[in-house]
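K.L.:
sequence? don't have it. structure:
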């Protein structure tokens, strides 16, 4: 009985998080790589694919009480095997994800993802190590996302400048860089990112599973 109640309480807390896509007002990459903003607010990389790469994206928002950020890795026909990464098989290694707000570092409390490769969990994207990171083999050719939460809500509704730094600096696996991605923020109470199959189960009434 205690387990049944605990599961019901957990499911009740797995509500849908409302995400607000962030409008990138400035974005840049190094080594001659070009980032283009598309109509859906995503950024698409093109040009050379150097061994290592850092993306810097600036966005402005008036959201009040931000609790987390999301990185969506999206498919595109211009990418190898449609991506979402720029490597030959579409994988990536996101070694670091950092955020500043009006020039001040934003502390990130936790990280979760819809899928993470064995030995390459999304938590490694915030550990300060340039050789570890988030990857998603063997789930190639699929869209993925990672969620990074803050310890407590921040921002008061006045215009805020957010600067995101996405680093891909692993030496063993070069060119494992995001190809197409979109950044969003939320003010919802945060719950961990769930795999798609778990989300589908939660849409079915418990007595019909």
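P.N.:
Arrived safely. Since we're looking at a predicted model, the values are computed, not measured.
K.L.:
If you tally nearby residues, what's the number for residue 88?
P.N.:
Here the number of neighbours of residue 88 (other CB atoms under 10 Å) works out to 12. Where C-beta positions appear, they are placed from N, C-alpha and C, glycine not excepted.
K.L.:
Same check on the one 5 residues further on?
P.N.:
By the measure other CB under 10 Å, the count of residues near residue 93 is 28.
K.L.:
So what's the model's average confidence on stretch 137-154?
P.N.:
The average pLDDT for stretch 137-154 rounds to 95.
K.L.:
and if you look at stretch 162-177?
P.N.:
Averaging pLDDT along stretch 162-177 yields 98.
K.L.:
That stretch: end-to-end distance?
P.N.:
Separation of the first and last residues of stretch 162-177 by CA to CA, to the nearest Å is 22 Å.
K.L.:
quick check: longest helix of this protein.
P.N.:
Identified as the longest helix of the chain according to DSSP state H is helix 2-12.
K.L.:
residues making contact with that helix?
P.N.:
With contact meaning CB atoms under 8 Å, 6 or more residues apart in numbering, helix 2-12 is reached by 202, 206.
K.L.:
again, 7 Å this time
P.N.:
The contact list for helix 2-12 (CB atoms under 7 Å, 6 or more residues apart in numbering) reads residue 202.
K.L.:
ok, whatever helix or strand comes next after that helix: who's next to it in the sheet?
P.N.:
Proceeding N to C from helix 2-12, the next assigned helix or strand is strand 20-21, under DSSP states H and E. Strand pairing for strand 20-21, determined by DSSP bridges: strand 180-186 (antiparallel).
K.L.:
What ranges does this structure have for its strands?
P.N.:
Secondary structure of the chain, counting by DSSP state E: strands at 20-21, 24-28, 34-37, 43-46, 53-61, 64-73, 96-101, 104-105, 110-113, 144-156, 160-168, 180-186.
K.L.:
Which one of those strands lies nearest to residue 129?
P.N.:
Residue 129 sits nearest to strand 96-101 of all the strands of the chain, at 8.3 Å, using CB to CB.
K.L.:
Show me what the closest one is packed against.
P.N.:
Counting contacts by 3 or more CB pairs under 7 Å, 6 or more residues apart in numbering; DSSP states H and E, strand 96-101 is packed against strand 160-168.
K.L.:
chain center to the strand it packs on, what's the gap?
P.N.:
12 Å (CA atoms, centre = their mean, to the nearest Å).
K.L.:
can you give me the angle it makes with strand 64-73?
P.N.:
For strand 160-168 against strand 64-73, the angle by axes from the mean of the first three to the mean of the last three CA atoms, to 10 degrees is 30 degrees.
K.L.:
so where's this structure shaky on pLDDT?
P.N.:
Applying pLDDT under 70 to the chain picks out residues 12-16, 189-193.
K.L.:
go with 80
P.N.:
9-17, 189-196, 199, 202-203, 205 (pLDDT under 80).
K.L.:
Just want the most central residue of it.
P.N.:
Geometric centre of the chain, nearest residue: residue 71, 2.2 Å, by CA atoms, centre = their mean.
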